[in-house]
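S.K.: pasting the sequence and the predicted model now:
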Amino acid sequence: MGGVLIPRGTNVAADAKHASDRLPRVAAGLFDRLREELGFDTVRLLVFWDALEPAPGRWSASYLTALRRLVDDAGRAGLSVVIDMHQDVFGEGFGHAGVPEHAAPGVLYDAFRPPRRWALSYLELPVMRAFDGLWRDPSGLADAWARIAAALRGSEALLAADLLNEPHWGTDAPASFERSTLPEVQAALADAVRGALPDLAVALEPAPTASLGLGTALRSKVAPPAIYAPHFYPAALELGLGYDGDRAALAQILETMCADAERMGLPLLIGEVGARSDVPGSAAYLRDVYDLFDGAMVGALQWDLSAATPYALLRPDGRPTRLARAIVRPHPSRIAGVPLGFRWEPAHARFRVSWEESGRVQGETVLSAPRLAFPGGIIVEVEGGGPYRVERGRVRLPQVGGRRDVVLRDVG
């Protein structure tokens, strides 16, 4: 089929970290809402090795069945799925979710004293040494991926496998880890995935220092298709200092990520981007950063859907938060050709997009048209005319050849 995908969506979901079964709570119809009301086309679904292998060599068939059901439900709603092997602070042995406790020596857990800020746990020597052990022998993680891939064989909803959330460098230096250790581990995990899903793209995360805009030394050893998938968390926002309106600083972070992706010859997808609602200027930050993503024509997945966190898109009663309203906008989900640019004008509820169609690409161009952005209904203006159809929060345009210019605007 070809074409250019610009995925936009959310992570599903942080509440799974604290659930006994490590599964997100997805209400009936939620995936349809993500598509039609919020305009998303992709979800990053958190999965956990500790739920899959709760004891050495004991694999949970019920967990795999539940994962397959979630992926299929998302696919039926018209969403693509990135499977994210998630971890925080290594995993359950250090009081978090991700890697099973049996994957590291108990002496490391006994020596651990949690700091006041949970993220600083990554700098504690027991945690760093646990990661060292994982990188020396990733076979257990590879086995987990092989089982997930086999359970998801045949799914048409899958977009990519995100091999490990925020891989920490252990006792190595971040740049050395990215140059020498991480590429080899990623290649081994990609092989495990592709034993059952040979054509699936893999999402390659750098060390989490890249999320601050520091760049990466990563060199991919994974055969295509692959995606560069850093996270986007400026330090001031994560520390709770707030957003000072310095859009140029955000642009510099994005420029660094784009340059790293170009160096590796990989498309860029921001796997996590978000801001806590209690941080000053969080909504303005999200509006600005998504404007920059639009300008660079970059895909991005928001953290997080769950009402259990201050990053949430939805309130406990299901209504969109102000953070959701800050990021929801139309976007081109798929361009059947070469995208030339797109821009959302919220003050006028107007979206402009241009592309050059290519006879080498099959299928339609698909534009996201979220109901939250066009509450009065949608008007489609196609320069020069041409067919289109509107269905379930999307505008579909078959190819007619040449340059295409389209405007979507609210009826009101």
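M.R.: Cool, the structure landed. Residues are numbered from 1 along each chain as shown.
S.K.: the closest residue to residue 223 other than its chain neighbours in helix, strand or coil?
M.R.: Nearest residue to residue 223 in three dimensions, chain neighbours excluded: residue 190, at 7.4 Å (Cβ to Cβ, 6 or more residues apart in numbering). Any C-beta I mention is one placed from the backbone N, CA and C, and that applies to glycine too. When classified by DSSP: H, G, I helix; E, B strand; the rest coil, residue 190 comes out as helix.
S.K.: and residue 190, how far from residue 136?
M.R.: 18 Å (Cβ to Cβ, to the nearest Å).
S.K.: repeat that for residue 80.
M.R.: 34 Å.
S.K.: can you list contacts of the strand or helix carrying residue 50?
M.R.: Assessed by DSSP states H and E, residue 50 sits inside helix 49-52. Contacting residues not belonging to helix 49-52 are listed as 21-23, 59-60, 63-64, 85, 87, 91-92, 97-101, 103, 140-141, 144, 147-148 [Cβ atoms under 8 Å, 6 or more residues apart in numbering].
S.K.: can you say which of those are buried?
M.R.: 22-23, 60, 63-64, 85, 87, 91-92, 97-100, 103, 140-141, 144, 147-148 (16 or more other Cβ atoms under 10 Å).
S.K.: what's downstream of the helix or strand of the chain with the lowest mean pLDDT, the next helix or strand?
M.R.: Sorting the helices and strands of the chain by mean pLDDT, DSSP states H and E puts helix 235-238 at the bottom, at a mean of 92. Sequence-wise, the next helix or strand downstream of helix 235-238 (DSSP H and E) is helix 247-264.
S.K.: what is the following helix or strand past that following helix packed up against?
M.R.: The C-terminal neighbour of helix 247-264 among helices and strands, as given by DSSP H and E, is strand 269-273. In terms of contacts (3 or more Cβ pairs under 8 Å, 6 or more residues apart in numbering; DSSP states H and E), strand 269-273 is packed against strand 80-85, strand 231-232, helix 282-296, strand 299-302.
S.K.: quick one: contacts of strand 269-273?
M.R.: 7, 11, 44, 82, 84, 160, 162, 203, 205, 211, 227-233, 257, 286, 289, 293, 298-303.
S.K.: ok, that strand: who's next to it in the sheet?
M.R.: strand 231-232 (parallel), strand 299-302 (parallel) (DSSP bridges).
S.K.: using CSV, please lay out these together with mean pLDDT, mean neighbour count and distance to residue 116.
M.R.: Formatted as CSV, these follow (pLDDT from 0 to 100; neighbours: other Cβ atoms under 10 Å; distance: least, Cβ to Cβ, whole Å):
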stretch, mean pLDDT, mean neighbour count, distance to residue 116
strand 231-232, 98, 22, 23
strand 299-302, 98, 25, 27
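S.K.: make JSON lines from these and add distance to residue 406 to it.
M.R.: Shown next, in JSON lines, are the strands paired with strand 269-273 (distance: least, Cβ to Cβ, whole Å):
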{"stretch": "strand 231-232", "distance to residue 406": "28"}
{"stretch": "strand 299-302", "distance to residue 406": "20"}
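S.K.: for the helices and strands packed on strand 269-273, give me JSON lines that also has distance to residue 366.
M.R.: Below are the helices and strands packed on strand 269-273 laid out as JSON lines (distance: least, Cβ to Cβ, whole Å):
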{"stretch": "strand 80-85", "distance to residue 366": "11"}
{"stretch": "strand 231-232", "distance to residue 366": "25"}
{"stretch": "helix 282-296", "distance to residue 366": "16"}
{"stretch": "strand 299-302", "distance to residue 366": "14"}
